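In: Sharing a model that was predicted from the sequence below.
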Amino acid sequence: MCSSLYAGSALAQSQSFQLSPDSAETIIQGCKQHARAKQQSHAIAVYDKGGNLVAALRMQGNGPGIMAFSQAKAKAVSSWGFSTAGMEEAVQNTPGFANAPFVVTVAGGVAVYTADGGNLIGSVGVSGEAPVDDAACAVAGIEAAGLSATRTSK
């Protein structure tokens, strides 16, 4: 197993609404614990809201294509601000949306919000198992970091 951390530029982001490298690593660890408990193996990518890779892990047993897919899911969510499961629904309602840049229509890309659900701060992309399991792993990681996978209105 290997893990990498990348510190993204925070100049354009408010200090209080930024996904920290420590939080990104906690998300990965939470997802990894969830996966092990279910005897699953995932590739996990965490991006900030600007679409920059903050941390990534490819668990043993997954090829490089799985890592690339997890990154594509996270990049899609950071680009559009909603889950890849939501993108699947959006494509059904607006078929042309499928041709927009960074659209991924497979569950496993989940938005990361502040603990109160009020501010988007990043995204998690998970791949390697069934899409519903990928999404559950992402949510488990987000919750392990004390953050929210659900947006609330203020």
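Out: Structure received.
In: who's in contact with the residue nearest to the spatial centre of the chain?
Out: Nearest residue to the geometric centre of the chain (C-alpha atoms, centre = their mean): V124, 0.9 Å. V124 makes contacts with 27, 31, 44-47, 74, 77, 109-110, 112, 138, 141-142, as judged by C-beta atoms under 8 Å, 6 or more residues apart in numbering. Where you see a C-beta, it was placed from the backbone N, CA and C, and this is true even at glycine.
In: Is E129 part of a helix or strand, or is it coil?
Out: Three-state assignment for E129 (DSSP: H, G, I helix; E, B strand; the rest coil): coil.
In: how far away is the closest residue to it other than its chain neighbours from G96?
Out: In space, and not counting its chain neighbours, E129 is closest to Q40: 4.8 Å by C-beta to C-beta, 6 or more residues apart in numbering. To G96, Q40 is 35 Å away according to C-beta to C-beta, to the nearest Å.
In: Compare these two (neighbour count), which wins?
Out: Between Q40 and G96, counted using other C-beta atoms under 10 Å, Q40 has the larger neighbour count: 20 against 7.
In: Could you verify my assumption that that one touches D134?
Out: No: Q40 is beyond contact range of D134, at 9.0 Å (criterion: C-beta atoms under 8 Å).
In: mind listing what's buried in stretch 63-78?
Out: Buried residues in stretch 63-78, defined by neighbour count with 16 or more other C-beta atoms under 10 Å: 66-67, 69-78.
In: Go through those residues and name the one nearest T150.
Out: Each of those was checked against T150 using C-beta to C-beta; the closest is V77, at 13.4 Å.
In: Residues touching the host helix or strand of F69, excluding its own?
Out: Per DSSP states H and E: F69 is located in helix 64-80. Residues from elsewhere that reach helix 64-80 (C-beta under 8 Å, 6+ apart): 42-51, 53, 56, 58, 83-84, 87, 101-104, 106, 108-111, 122-128, 134.
In: roughly how far is it from the heart of the chain?
Out: Put simply, helix 64-80 sits 8 Å off its chain's centre (C-alpha atoms, centre = their mean, to the nearest Å).
In: and the next element down the chain from that helix?
Out: Using DSSP H and E, the helix or strand that follows helix 64-80 in sequence is helix 84-93.
In: Looking at that next one now, give me its mean pLDDT.
Out: The pLDDT scores in helix 84-93 average 95.
In: helices and strands around that helix, which ones?
Out: Applying 3 or more C-beta pairs under 8 Å, 6 or more residues apart in numbering; DSSP states H and E, one finds that helix 84-93 contacts helix 64-80, strand 109-113.
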